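[1] 3D, please:
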Amino acid sequence: MRVLVISDIHANLAALEAVLDDAKAFEFEAVWCLGDTVGYGPEPDECIARMRLLKPRTVVGNHDWAVIGRMDTEEFNREASRAVLWTREHLSAESVAWLRDLPNQPLVSGDFTLTHGSPRDTIWEYILYPSVARANFEHFETPFCLVGHTHVPMIFAAGADDQTPNVIRVKHGEAVALRGDRRTILNPGSVGQPRDSDPRAAYAILDTETATWLPRRVTYPISITQAHMRAARLPERLITRLEFGW
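    Next up, the predicted model:
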């Protein structure tokens, strides 16, 4: 089965549409979303509507939670908090209901565990370093765990002792062979707000039959998203960062 794996759309419709258009070539059969469909961006309702049509397996992210009032905005920086409050005022009842129904615990699909932050802290923990990845290996039972939240495409694969992680810096268009005999944590990066100094939208194609992970980057019209954000009077820092990928 070929799966489109996406995360951290952050209400960026132009980026989401670019990803979906690019992914058509791979004839994906399922969509897995690792959280934060909303937050930061100017089209929360539109992105949720688009996702509902895809019928993805989706987990909740920290921004999703904050928007529906399950997390205090004091947990966020000033700009992110402003975006959360704005988003609350621009969601339909159907969109709010969809967010409320998203699970806040990891989902398991075959050999893969899906979560937003980490398997031991599904909402908030960032897996950016080998030490954190190692601490999380014992918190999922499948060979592979898919995470989002960091906005950085990355793979942590357990070494020969099944503990010390090897960091695999993924490259656009270069497939990674997955080994089912060692714990592996995979992050597809962010659709709507990349933070690895590459402003292109990021996603991955997972082929469960060939056991391969294909990272992808897609150019999208950033200026359109920025114009919509300015029209919504969202924080300028959130607008500017899109073009730099940080």
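[2] check which element follows the helix or strand bottoming out on mean pLDDT in the chain along the chain.
    Using mean pLDDT, DSSP states H and E, strand 165-168 stands out as the lowest-scoring helix or strand of the chain, at a mean of 89. Toward the C-terminal end, the helix or strand that comes next after strand 165-168 (DSSP states H and E) is strand 176-177.
[3] other residues contacting that following strand?
    Strand 176-177 has contacts (C-beta atoms under 8 Å, 6 or more residues apart in numbering) with 155, 168, 170, 211-215. Every residue, glycine included, has its C-beta placed from N, CA and C.
[4] now the least confident helix or strand of the chain: buried residues?
    Neighbour-count burial for strand 165-168, with 16 or more other C-beta atoms under 10 Å as criterion, is recorded at 165, 168.
[5] what of stretch 15-33?
    Residues 15-20, 22-23, 28, 30-33 are the ones in stretch 15-33 that count as buried (16+ other C-beta under 10 Å).
[6] please enumerate the helices of the protein.
    Using DSSP state H, the helices of the chain run over 13-23, 44-54, 62-67, 78-88, 93-100, 130-136, 222-231, 236-241.
[7] pretty sure Ala66 sits against Tyr40.
    No - taking contacts as C-beta atoms under 8 Å, Ala66 lies outside contact range of Tyr40: 11.2 Å.
[8] which one of those two has more residues nearby?
    Tyr40 (29 against 26; other C-beta atoms under 10 Å).
[9] how about that one, what does it touch?
    The contact partners of Tyr40, by C-beta under 8 Å, 6+ apart, come to 10-12, 63, 80, 83, 192-193, 234, 238.
[10] please repeat the previous calculation with a cut-off of 6 Å.
    10, 83, 193, 238 (C-beta atoms under 6 Å, 6 or more residues apart in numbering).
[11] now that we have those residues, which of them are buried?
    By 16+ other C-beta under 10 Å, these give 10, 83, 193, 238 as buried.
[12] quick one, what contacts the closest residue to the third one other than its chain neighbours?
    Using C-beta to C-beta, 6 or more residues apart in numbering and skipping residues adjacent in sequence, the residue nearest Gln193 is His10, 4.8 Å away. Neighbouring residues of His10 by C-beta under 6 Å, 6+ apart: 36, 39-41, 192-193.
[13] I'd like to know which of the residues you listed is nearest to Thr73.
    Nearest to Thr73 among these is Gly39, at 10.8 Å by C-beta to C-beta.
[14] the closest one contacts Asn62, correct?
    No - Gly39 lies out of contact with Asn62 (C-beta atoms under 6 Å); the separation is 8.1 Å.
[15] those two: which has the busier surroundings?
    Between Gly39 and Asn62, Gly39 has the larger neighbour count (other C-beta under 10 Å), namely 27 against 24.
[16] ok, how many other residues are close to the residue lying closest to that one once chain neighbours are set aside?
    Computed as C-beta to C-beta, 6+ apart, the closest residue to Gly39 that is not its neighbour in sequence is His63, at 2.8 Å. Applying other C-beta under 10 Å, we find 29 residues neighbouring His63.
[17] check Val191 too.
    30.
[18] now swap in Pro44 and tell me
    30.
[19] contacts only, for the nearest residue to Val67 once chain neighbours are set aside.
    Spatially, and ignoring its direct neighbours in sequence, Val67 is nearest to Thr87 (5.0 Å; C-beta to C-beta, 6+ apart). By C-beta under 6 Å, 6+ apart, the contact set of Thr87 is 38, 44, 67.
[20] and the closest residue to Ala204 other than its chain neighbours, what is it in contact with?
    Distances taken as C-beta to C-beta, 6+ apart place Pro188 nearest to Ala204, at 3.9 Å, with adjacent residues excluded. The neighbours of Pro188, taking C-beta under 6 Å, 6+ apart as the test, are 5, 7, 203-204.
[21] now Tyr40: how far from Cys33?
    Distance from Tyr40 to Cys33, counting by C-beta to C-beta, to the nearest Å: 16 Å.
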